[in-house]
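Colleague: One predicted model, sequence on top.
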Amino acid sequence: VTDVPEVRIVRAGPERIPDLEPLFGVLHEHQVRSAPRLTDFEARAADEAWQRRRSKYEKWLAEPGAFVLFAETSMRAVGFALVSIGTGYDGWYSPERIGDVHDLAVLPDARGRGVGTMLMDAVEDELRAGGVSHCRLRVIARNTDAIQFYERRGMSRVSTIFLQRIDRTSEGETP
Ligand SMILES: CC(C)(COP(=O)(O)OP(=O)(O)OC[C@H]1O[C@@H](n2cnc3c(N)ncnc32)[C@H](O)[C@@H]1OP(=O)(O)O)[C@@H](O)C(=O)NCCC(=O)NCCS
């Protein structure tokens, strides 16, 4: 009883970046629905957001140890996770390399059926196979369902990002 039959996880490199566009699209849509604004930043249109994110994917996937995982049925890709290797913490006895999960998403009609769990489990397997012992990710504070998903996986919340506009001059005043 699942609408997501025979999902398999496939590791890929930069050659498959074009296939990420619709998957990034649902991630962007979910994120801007969770947070239509980040402080005074309005959401970018999907196309513009994709152009920018694609450049980041190209940069990350050119780095050693980076990878993208697709969750696929025989018909279509239903989810992805994109990972590169980041640096550890200086103030704690951390390993030098930590797996940074930059983006993770599952198509809306495939959510809640274990695909996200399969992807994160596979991310962990790939990282471990490369000698990396920890993974890390950032979540928009208002994306509460994703936060719940990561907490249920046993991930620890270790930092919080603050953002504030600092160049505002008071109304009518010439800077
Ligand atoms: C967050 C996200 C990736 C999780 O993927 P998913 O496929 O929905 O995740 P799962 O199905 O593995 O788990 C989701 C829930 O379904 C439940 N579930 C897991 N396997 C299941 C199964 N076989 N049948 C029914 N339910 C199941 C889990 O209990 C889980 O509940 P929880 O989140 O309350 O712990 C997905 O919801 C998503 O793409 N969200 C929008 C984009 C987003 O926010 N991405 C993260 C940005 S940081």
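Modeller: Yes, it's here.
Colleague: And the ligand, is stretch 102-110 touching that?
Modeller: Yes - using CB under 6 Å from any ligand atom, we find that stretch 102-110 touches the ligand at 104-106. Placement of C-beta: from N, CA and C, glycine included.
Colleague: now swap in stretch 35-46 and tell me
Modeller: No - between stretch 35-46 and the ligand, judged by CB under 6 Å from any ligand atom, nothing touches; the nearest distance is 10.8 Å.
Colleague: Chain neighbours aside, what residue packs nearest to the closest residue to the ligand within the chain?
Modeller: The ligand sits closest to residue 116 of the chain, with a gap of 2.0 Å, by CB to the nearest ligand atom. Distance criterion CB to CB, 6 or more residues apart in numbering; nearest residue to residue 116, sequence neighbours excluded, is residue 106 at 5.0 Å.
Colleague: related to what we said a few turns ago, which of the residues of stretch 102-110 next to the ligand fall in strands?
Modeller: Judged by DSSP state E, the residues of stretch 102-110 next to the ligand include 104-106 as members of strands.
Colleague: Show me the contact partners of the host helix or strand of residue 119.
Modeller: Assigned by DSSP states H and E, residue 119 belongs to helix 115-129. By CB atoms under 8 Å, 6 or more residues apart in numbering, the surrounding residues in contact with helix 115-129 are 4, 7, 9, 11, 67, 69, 71, 78-81, 83, 99, 101, 104, 106, 133-135, 149, 153.
Colleague: Do you have the helices of the protein handy? List them.
Modeller: Assigned helices in the chain, in chain order: 21-34, 46-61, 115-129, 144-152 (criterion: DSSP state H).
Colleague: mind putting these in TSV, mean pLDDT included?
Modeller: Shown next, in TSV, are the helices of the chain (pLDDT from 0 to 100):
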stretch	mean pLDDT
helix 21-34	97
helix 46-61	98
helix 115-129	98
helix 144-152	97
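Colleague: Quick check: the gap between residue 157 and residue 148.
Modeller: Distance, residue 157 to residue 148, by CB to CB, to the nearest Å: 12 Å.
Colleague: oh sorry, the question was meant for residue 154
Modeller: Taking CB to CB, one finds residue 154 at 12 Å from residue 148.
Colleague: Between these two, tell me which one has more neighbours.
Modeller: Remark: of residue 154 and residue 148, residue 148 carries more neighbours, 10 against 6, as counted by other CB atoms under 10 Å.
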